[in-house]
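A.B. asks: sequence first, predicted coordinates after that:
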Amino acid sequence: MKTLIGQPVFTAGGRTYCWEDVIFAAMAWGEWGLLRKETREGLSCAKRMRETGESPADEEMETALREYRYRRRLISGEDAEGWLRQWGLCIVDLKKYICMSLLKKRWEEGMEEIVARFRVSDEEINGAVKTVGVCSGRLVALCRKLAVRASIHERWSGEKGSVTSLEKDMLETFTRNIGDCAETCVAPDAVGERLKALAGMEASYRDFCTAQCTPDALRKEIQSHNIEWIRIDCLCLSTTAEQAAREAALCVREDGEGIADVSARMKCRVQEDHFYLDQVEPSLYGSFLCARKGELVGPIHVDGDHRLFFIQTKQMPSEDDPSLRQRAHDAILGHIFDSEIRRMVRWETIIHKE
């Protein structure tokens, strides 16, 4: 991270924020420790891989790298290398990150034991945290989080005046979080002032969010997504064998067997699942929209598995659904934040391209 210190990231309200401001804010929010934890786990998995030789297959690596590039709209290898170069990274760094991600997913259940056995020093974490932060997207997310608060504070603090009670609570929380960090990236005599400024921004931000997301605003937002926010509850049968999935579908559709009985007999995995219609792949949207209670959708190839979805219930959007209220909350604020960032923030680095 030392290579980023001192580099400007964005300007808002006449003040220029550098990477150390983003990192310090992440520490105050309690999120920097999560990034270091993610880095520690990845490095521990890499150490286990080197000892045991249990590395991801070449095909698995190539597939993961290709999917990563497409998600980032880095269509060609040159696009990926150019993007990494802007961060001071190279394709080897990205491959290391992808390898660690695959290993973490593979060994997720035993992660605590792996971290305890394959110990990683703070120096090793310091050397890898930038790569993990960049490649995971966490650094960009932290930067945008600070930019949102800085822009909202410039607007809202002037309109609403003091929010000292909430600011005091935020200051106490941030001070406690900073105290949990071994070291910070700002001078010790500047910590108090920085924390007070962050607490003021956070208080303005939270006060603003409460004012925007009224019950009436949430209700209108939910009503505006009357179709795409239909909730689907189902039983999901998964198998790696395509033929087994097709046979299971025939047993349910043609023979009238229950999907739980079929999964037990064929030794396939089955679990309860739920999602909203807009979370479905576009090509499958119509199938789930038209499916009725008691009907089967699939087999569908998803992440290497072949899956069947037995529809149990379909619920129209309701403000009584806490998940939908949160979605409406996020949607309302997302539009506002995008507008505020465009209006108030001038990017000094490549963040806006992410």
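C.D. replies: Cool, got the structure.
A.B. asks: from A249, how far out is P299?
C.D. replies: Distance of P299 to A249, computed by CB to CB, to the nearest Å: 6 Å. Every C-beta, even on glycine, is put in place using the N, C-alpha and C of the backbone.
A.B. asks: give me the common contacts of the two.
C.D. replies: Residues touching both P299 and A249 (CB atoms under 8 Å, 6 or more residues apart in numbering) are L308.
A.B. asks: compare the two (neighbour count), which wins?
C.D. replies: P299 (22 against 19; other CB atoms under 10 Å).
A.B. asks: ramachandran coordinates for the more buried one?
C.D. replies: Backbone torsions for P299, taken as degrees, to the nearest 10, come to phi -70, psi 150.
A.B. asks: hey, which strand is longest across the protein?
C.D. replies: strand 305-315 (DSSP state E).
A.B. asks: list the buried residues for that one?
C.D. replies: Within strand 305-315, the residues that count as buried by 16 or more other CB atoms under 10 Å are 305-311, 314.
A.B. asks: now those residues as TSV including pLDDT?
C.D. replies: Shown next, in TSV, are those (pLDDT from 0 to 100):
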residue	pLDDT
D305	79
H306	86
R307	89
L308	88
F309	92
F310	92
I311	93
K314	93
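A.B. asks: and the end-to-end length of stretch 154-172?
C.D. replies: One end of stretch 154-172 to the other measures 22 Å (CA to CA, to the nearest Å).
A.B. asks: begin at 81 from now on, thanks
C.D. replies: Sure, I'll start counting at 81 from here, so that last one is stretch 234-252.
A.B. asks: before we move on, the earlier item: tell me how far the longest strand of the chain lies from the chain's centre.
C.D. replies: Remark: strand 385-395 is offset 25 Å from the chain centroid, using CA atoms, centre = their mean, to the nearest Å.
A.B. asks: partner strands of that strand, parallel or antiparallel?
C.D. replies: Strand 385-395 has the following strand partners under DSSP bridges: strand 311-319 (antiparallel), strand 376-382 (antiparallel).
A.B. asks: of those, flag the one that's most buried.
C.D. replies: Mean neighbour count (mean count of other CB atoms under 10 Å) peaks for strand 311-319 among the strands paired with strand 385-395, with a mean of 21.
A.B. asks: right, and the helix or strand after it?
C.D. replies: Downstream of strand 311-319, the first helix or strand assigned by DSSP states H and E is helix 322-333.
A.B. asks: could you give the mean pLDDT of that following helix?
C.D. replies: Helix 322-333 shows a mean pLDDT of 88.
A.B. asks: packing partners of it?
C.D. replies: Counting contacts by 3 or more CB pairs under 8 Å, 6 or more residues apart in numbering; DSSP states H and E, helix 322-333 packs against strand 311-319, helix 339-346, strand 376-382, strand 385-395.
A.B. asks: report the angle between that helix and helix 339-346.
C.D. replies: 140 degrees (axes from the mean of the first three to the mean of the last three CA atoms, to 10 degrees).
A.B. asks: in helix 322-333, what's buried?
C.D. replies: For helix 322-333, by 16+ other CB under 10 Å, it's 324-325, 327-329, 331-332.
A.B. asks: go on, stretch 113-120?
C.D. replies: 115-116, 118-120.
A.B. asks: nearest to D401, of those?
C.D. replies: Proximity of these to D401 (CB to CB) peaks at E118, which lies at 30.8 Å.
A.B. asks: what residues does the nearest residue to the closest one once chain neighbours are set aside make contact with?
C.D. replies: Using CB to CB, 6 or more residues apart in numbering and skipping residues adjacent in sequence, the residue nearest E118 is V212, 5.9 Å away. Each residue near V212 by CB under 8 Å, 6+ apart is listed here: 115, 118-119, 122, 177, 180, 218.
A.B. asks: now V212: how far from C179?
C.D. replies: To C179, V212 is 12 Å away according to CB to CB.
A.B. asks: repeat for K300
C.D. replies: Counting by CB to CB - K300 and C179 are separated by 46 Å.
A.B. asks: next one: F288
C.D. replies: 42 Å.
A.B. asks: when the two are compared, which one has more neighbours?
C.D. replies: Per other CB under 10 Å, whichever of F288 and C179 has more neighbours is F288, with 23 against 20.
A.B. asks: skipping its backbone neighbours, what lies nearest the more buried one in space?
C.D. replies: Once flanking residues are discounted, F288 sits nearest to W236: 4.4 Å by CB to CB, 6+ apart.
A.B. asks: pull the number of nearby residues for that neighbour.
C.D. replies: W236 has 22 neighbours, counted by other CB under 10 Å.
A.B. asks: and the closest residue to M191 other than its chain neighbours, how many neighbours?
C.D. replies: Using CB to CB, 6+ apart and skipping residues adjacent in sequence, the residue nearest M191 is E121, 5.8 Å away. Using other CB under 10 Å, E121 is surrounded by 22 other residues.
A.B. asks: which residues touch E121?
C.D. replies: Counting by CB under 8 Å, 6+ apart, the residues that E121 touches are 184, 191, 194-195.
A.B. asks: what subset of these is buried?
C.D. replies: The buried subset of the contacts of E121 - by 16+ other CB under 10 Å - is 184, 194-195.
A.B. asks: closest one to K225 out of these, please.
C.D. replies: The nearest member of those to K225, counting by CB to CB, is K184 at 23.8 Å.
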